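Engineer: A structural model of the following input is requested.
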Amino acid sequence: MKKNILLLFAITTFLFSCTTNKPDARAIMDQAMKAHGTAIAAEGTLSFNFRGIDYSVERDNGNFAYERHLMIGADTILDRLDNKGFSRYRNAIQSPLADSLSTRYSASLNSVIYFAQLPYSLDGDAIKIKYIAQDTIKGIAYHELEVTFKEEGGGEDHEDKFMYWVNTQDYRIDYMAYSYCEEDCGYRFRESENRRNLNGVILQDYNNFKAQKGDPDLSKMDDLFEEGKLVKLSDIDLKLATFDSN
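Structural biologist: Down below sits the predicted model:
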């Protein structure tokens with residue numbers, strides 16, 4: 001009887017240690033944010049060109065301003081999203097917009113900036129981070145993290161889910177995957193490339209992939225990538241990028 005009790009105690013202790021020794025997902029993401037220079041990005045201006053359109057994001061002491069400059073016909077358009085909300089200017093004159101259009105334009109501008117500066121903002125109150133496993137891609141070890149969002153404070157896209165593969169050595173994010181539902185739903189996997197250091201802020205481009213068919217398990221998209229079962233959709237290239245600290 002005593003042996004059975006000791007065996008049960010040993011098994012319980014082992015299972016408890018396996019649970020409690022799981023790496024701290026929040027601490028790993030904090031390390032990733034530090035490695036990407038997000039604290040530096042919080043006080044300065046990032047500018048870049050994406051698919052022929054000029055973007056900038058200015059941050060200063062908790063204030064922010066996202067801008068997008070483009071041409072529509074002969075008109076010069078400036079879209080601006082800041083702490084006060086969204087505005088569109090046509091030929092330097094503010095243009096009134098229906099709420100539906102304002103929401104759409106604001107979301108598209110915010111989306112470009114959000115993805116360009118990842119992992120910036122992944123320390124928000126609405127962020128939920130879970131450690132999935134230590135994984136390998138192309139023989140390199142990664143912390144695999146799942147990021148979801150609370151409904152309160154998580155924005156319109158709070159049901160989206162992200163996976164990040166954080167390099168165990170330098171804490172840079174080399175791969176990411178996400179699911180989304182807008183007009184339709186989909187899954188994407190991104191492989192980072194052309195990483196550069198802009199005065200302390202890390203910026204990187206991506207190869208953008210989708211699954212060949214079906215609704216894949218987001219945490220297994222790295223396996224599909226290694227097996228050559230993803231289809232490349234596009235290049236996510238941020239051109240003419242600069243960053244200047246305040």
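Engineer: going forward, measure contacts and count neighbours with C-alpha atoms only.
Structural biologist: Fine.
Engineer: List the beta-bridge partners for Thr45.
Structural biologist: Glu58, Asp244 (DSSP bridges).
Engineer: Pull the number of nearby residues for it.
Structural biologist: If you count neighbours by other C-alpha atoms under 10 Å, Thr45 ends up with 19.
Engineer: what does the one 10 residues further on give?
Structural biologist: Applying other C-alpha under 10 Å, we find 23 other residues in the vicinity of Tyr55.
Engineer: Let me see the backbone angles for it.
Structural biologist: Note on Tyr55: its backbone torsions stand at phi -130, psi 150 [degrees, to the nearest 10].
Engineer: what's near enough to touch it?
Structural biologist: By C-alpha atoms under 8 Å, 6 or more residues apart in numbering, Tyr55 lies in contact with 47-49, 66-69.
Engineer: Now the two most distant members of these.
Structural biologist: Farthest pair in these (C-alpha to C-alpha) is Asn49 and Tyr66. Separation: 13.2 Å.
Engineer: coming back round to it: taking the contacts of Tyr55 one by one, which sit in strands?
Structural biologist: Counted as lying in strands by DSSP state E, out of these, are 47-49, 66-69.
Engineer: Measure how the longest strand seen in the chain sits relative to strand 44-50, angle-wise.
Structural biologist: For the chain, the strand with the greatest residue count under DSSP E is strand 185-198. Using axes from the mean of the first three to the mean of the last three C-alpha atoms, to 10 degrees, the direction of strand 185-198 lies 120 degrees away from that of strand 44-50.
Engineer: Just give the strands next to strand 185-198 in its sheet, each with its orientation.
Structural biologist: The pairing partners recorded for strand 185-198 under DSSP bridges are strand 173-181 (antiparallel), strand 201-211 (antiparallel).
Engineer: Phe225 and Met33: what is the separation?
Structural biologist: 25 Å (C-alpha to C-alpha, to the nearest Å).
Engineer: count of residues packed around Ser234?
Structural biologist: The local packing of Ser234 (other C-alpha under 10 Å) involves 12 other residues.
Engineer: now Phe50
Structural biologist: 17.
Engineer: All the helices of this protein, residue numbers only.
Structural biologist: For the chain, the helices defined by DSSP state H occupy 2-20, 25-35, 38-41, 99-117, 221-226.
Engineer: any low-confidence regions in this protein?
Structural biologist: Applying pLDDT under 70 to the chain picks out residues 1-20, 152-158, 182-183.
Engineer: Show me how it divides into domains.
Structural biologist: With domains defined by automatic domain parsing, the chain comprises 26-41+124-240, 43-119.
Engineer: who are the neighbours in contact with the residue nearest to Asp237 when sequence neighbours are not counted?
Structural biologist: Nearest non-adjacent residue to Asp237, counting by C-alpha to C-alpha, 6 or more residues apart in numbering: Asp205, 4.9 Å away. Going by C-alpha under 8 Å, 6+ apart, Asp205 touches 192-195, 235-238.
Engineer: For stretch 197-208, list the C-alpha coordinates in CSV.
Structural biologist: C-alpha atoms of stretch 197-208 as CSV (Å, rounded to 0.1, in the frame of the first residue of the first chain):
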residue,chain,number,x,y,z
ASN,A,197,17.5,47.8,-38.3
LEU,A,198,16.2,51.4,-38.7
ASN,A,199,17.8,53.3,-35.8
GLY,A,200,16.9,50.6,-33.4
VAL,A,201,13.6,49.6,-34.8
ILE,A,202,13.4,46.2,-36.6
LEU,A,203,11.4,46.2,-39.9
GLN,A,204,10.9,43.1,-42.1
ASP,A,205,9.2,42.1,-45.3
TYR,A,206,7.3,38.8,-45.7
ASN,A,207,6.5,36.1,-48.1
ASN,A,208,2.7,35.7,-47.8
